[in-house]
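> got a structure for you, letters missing:
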């Protein structure tokens, strides 16, 4: 007999998380006691050195291991769940929301043009979108600025295609004489023309200055395509977005090595999905500084060799660039360079589609 | 005027000129917390806020976390915020 009790696996994962959190709390309690101890001289210095150099790192390592095991258990539970739902695409969710949830592009879709505007729901008001730049500088993944809608899976796919072939969007988005836009998407490989009015949700994707962009128009067309409400875009998979945008068969797989990613980029656009980090190491505000957003989709832009001959990958968050770059030149939220190890630790899915060039 | 919205983990709602990225949602027992990336022209900051808690949005106003909807074992979920802007 094969398989597992999914809920029991998740609960066991939680037990590991809680143990990690308790250990973390105990370590911090001891740490504050050591810091506050009124003990001076060589013996005190030696004791503090041993604590900070050996004991504290040892405890931190155990905390990390406990959290990792919790993560493994949860991933196993997710795999079991996907298998039982016949949804195993070889990877995890590339965006918020699980297929089969109340909404989301990971589920069914009609793939059709609809009269009128999509329902806005909680995503602001309609904002005029009249002067939309369509040059290469505008159609660039760095110009995506996701807002309150959970459609990173769609935006990451759009950004990846834009990076590979900006001309594709100029060919598939036509401004009509009456100011409306006709966007060509695909259902089962066949083109579907969707016409949208030149106004977009103020809570949807914008350019980094907060103005409507080509992506805002495309997002609106996608809201019609996926059901007629902006909320229908909340959660999904980038391979499904690739297929709806390009009409070409697309794939999802495990994250692979950076050599695999480099090969995939030679063949066409690539997006990446991050792991659903169920650990609670962040619970008390303790986080490392890599700032990768879990359960999220990114544009995979480039793989290069660094000065040490090691491969590193550049990924772009649809959240867009910010105002404060880090010392390595990356924004760490908008974009970042990751080593092979960082890639493997944070990403678990690669979405690929053939080039449209 | 106060503004109330609900957004999913992975989204990045905008309040005045401050982008608030929802990095993680967590529910443990009766407790619920959210990890946010607060991005403004003035600063970038990662903060953790509990249900019912609030934070100053880099001088633009106060953001209150009214509700957190999540489930154990995943960072996914939804958060309901109320933004109270600074009076001019």
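Great, that's in hand. Just so we're clear, the structure is a prediction, and the values are computed from it rather than from any experiment. Numbering: from 1, shown residues only, chains lettered A, B, ... in the order given.

> does the helix or strand of chain B with the lowest mean pLDDT reach chain A?
In chain B, no helix or strand scores lower on mean pLDDT, DSSP states H and E than strand B:44-50, which sits at a mean of 91. Yes. Strand B:44-50 is in contact with chain A by C-beta under 8 Å from any C-beta of the partner chain, via B:44, B:46, B:47, B:48. Every C-beta, even on glycine, is put in place using the N, C-alpha and C of the backbone.

> quick check: beta-bridge partners of residue B:84?
residue B:62 (DSSP bridges).

> look up how far residue B:31 lies from it.
24 Å (C-beta to C-beta, to the nearest Å).

> repeat that for residue A:314.
As judged by C-beta to C-beta, residue A:314 and residue B:31 stand 37 Å apart.

> over to residue A:162?
Counting by C-beta to C-beta, the gap from residue A:162 to residue B:31 is 41 Å.

> where in chain B is pLDDT low?
For chain B, residues meeting the criterion pLDDT under 70 lie at B:88.

> which parts of it sit against chain A?
Residues of chain B found near chain A (C-beta under 8 Å from any C-beta) are B:5-14, B:19, B:21, B:23-24, B:26, B:28, B:33, B:35, B:37, B:39-41, B:43-44, B:46-48, B:72-76.

> try it again with 6 Å
Chain B comes close to chain A at residues B:5-14, B:21, B:23-24, B:35, B:37, B:39, B:41, B:44, B:48, B:72-76, as judged by C-beta under 6 Å from any C-beta of the partner chain.

> what about the helices in the stretch 151-300 of chain A?
A:152-164, A:166-172, A:214-225, A:238-246, A:258-267 (DSSP state H, counting those that start in this stretch).

> between those helices, which gets nearest to chain B?
Chain B sits nearest to helix A:152-164 of all those, at 5.2 Å, using C-beta to the nearest C-beta.

> residue A:314 and residue B:31: which has the busier surroundings?
Set residue A:314 next to residue B:31 and count neighbours by other C-beta atoms under 10 Å in any protein chain shown: residue A:314 wins out with 16 against 11.

> mind listing what the more buried one touches?
Contacts for residue A:314 were tallied using C-beta atoms under 6 Å, 6 or more residues apart in numbering or on different chains; they are A:301, A:302, A:337.

> let's see it at 7 Å
Residues in contact with residue A:314 (C-beta atoms under 7 Å, 6 or more residues apart in numbering or on different chains) are A:301, A:302, A:335, A:337.

> what angle do helix A:152-164 and the helix or strand where it lies make with each other?
Element membership of residue A:314, judged by DSSP states H and E, is strand A:311-316. Here strand A:311-316 runs at an angle of 110 degrees relative to helix A:152-164 (axes from the mean of the first three to the mean of the last three C-alpha atoms, to 10 degrees).

> on that earlier part again, who wins for most neighbours among the contacts of residue A:314?
residue A:335 (22 neighbours).

> that one bridge partners, please.
residue A:316.

> from the residues of chain B next to chain A, which land in strands?
B:5-8, B:14, B:21, B:23-24, B:35, B:37, B:39, B:44, B:48 (DSSP state E).

> Throw the residues you listed into a markdown table and include neighbour count, thanks.
Formatted as a markdown table, these follow (neighbours: other C-beta atoms under 10 Å in any protein chain shown):
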| residue | neighbour count |
| --- | --- |
| B:5 | 19 |
| B:6 | 17 |
| B:7 | 24 |
| B:8 | 28 |
| B:14 | 19 |
| B:21 | 26 |
| B:23 | 26 |
| B:24 | 29 |
| B:35 | 22 |
| B:37 | 22 |
| B:39 | 27 |
| B:44 | 21 |
| B:48 | 19 |
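
> hmm, which two among those residues are most spread apart?
Based on C-beta to C-beta, the longest span within those runs between B:6 and B:44 and measures 23.9 Å.

> where does the stretch 251-357 of chain A have low pLDDT?
Scanning the stretch 251-357 of chain A for pLDDT under 70 picks out the ranges A:286-289.

> cool, chain A as well?
In chain A, residues with pLDDT under 70: A:1-3, A:68, A:71-72, A:75, A:78-109, A:286-289.

> strands along that one, start to end?
Under the criterion DSSP E, chain A contains strands at A:126-128, A:173-175, A:181-187, A:190-196, A:199-201, A:251-253, A:270-274, A:297-305, A:311-316, A:335-339, A:347-352.

> deepest-packed of those, please.
strand A:270-274 (a mean of 30; mean count of other C-beta atoms under 10 Å in any protein chain shown).

> quick one: strands adjacent to that one?
Paired neighbours of strand A:270-274 in the sheet (DSSP bridges): strand A:297-305 (antiparallel), strand A:347-352 (antiparallel).

> export those as TSV, with columns for distance to residue A:252.
As requested, those are exported to TSV (distance: least, C-beta to C-beta, whole Å):
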stretch	distance to residue A:252
strand A:297-305	11
strand A:347-352	5
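
> residue A:158 is nearest to which of these?
Counting by C-beta to C-beta, residue A:158 lies closest to strand A:297-305 out of these; the figure is 8.6 Å.

> and that closest one, how far from the chain's centre?
Strand A:297-305 sits 13 Å away from the centroid of its parent chain (C-alpha atoms, centre = their mean, to the nearest Å).

> which residues sit against it?
Here strand A:297-305 makes contact (C-beta under 7 Å, 6+ apart) with A:94-95, A:141, A:152-153, A:156, A:159-160, A:163, A:238, A:258, A:261-262, A:265, A:270-273, A:311-317.

> up against chain B, what does the stretch 201-350 of chain A have?
Counting by C-beta under 7 Å from any C-beta of the partner chain, the positions of the stretch 201-350 of chain A adjacent to chain B are A:203, A:234-235, A:276-278, A:280, A:282-283, A:285, A:287, A:291, A:293-296, A:319, A:322-324, A:333.

> quick check on those: which are buried?
The neighbour count (16 or more other C-beta atoms under 10 Å in any protein chain shown) marks A:203, A:234-235, A:276-278, A:280, A:282-283, A:291, A:293-296, A:319, A:322, A:324, A:333 as buried among these.

> and the gap between residue A:223 and residue A:45?
Noted for residue A:223: a distance of 63 Å to residue A:45, by C-beta to C-beta.

> circling back: got CSV for the helices of the stretch 151-300 of chain A, with distance to residue A:113 and mean neighbour count too?
Listed next are those as CSV, based on distance: least, C-beta to C-beta, whole Å; neighbours: other C-beta atoms under 10 Å in any protein chain shown:
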stretch, distance to residue A:113, mean neighbour count
helix A:152-164, 18, 30
helix A:166-172, 14, 17
helix A:214-225, 6, 27
helix A:238-246, 13, 27
helix A:258-267, 31, 16
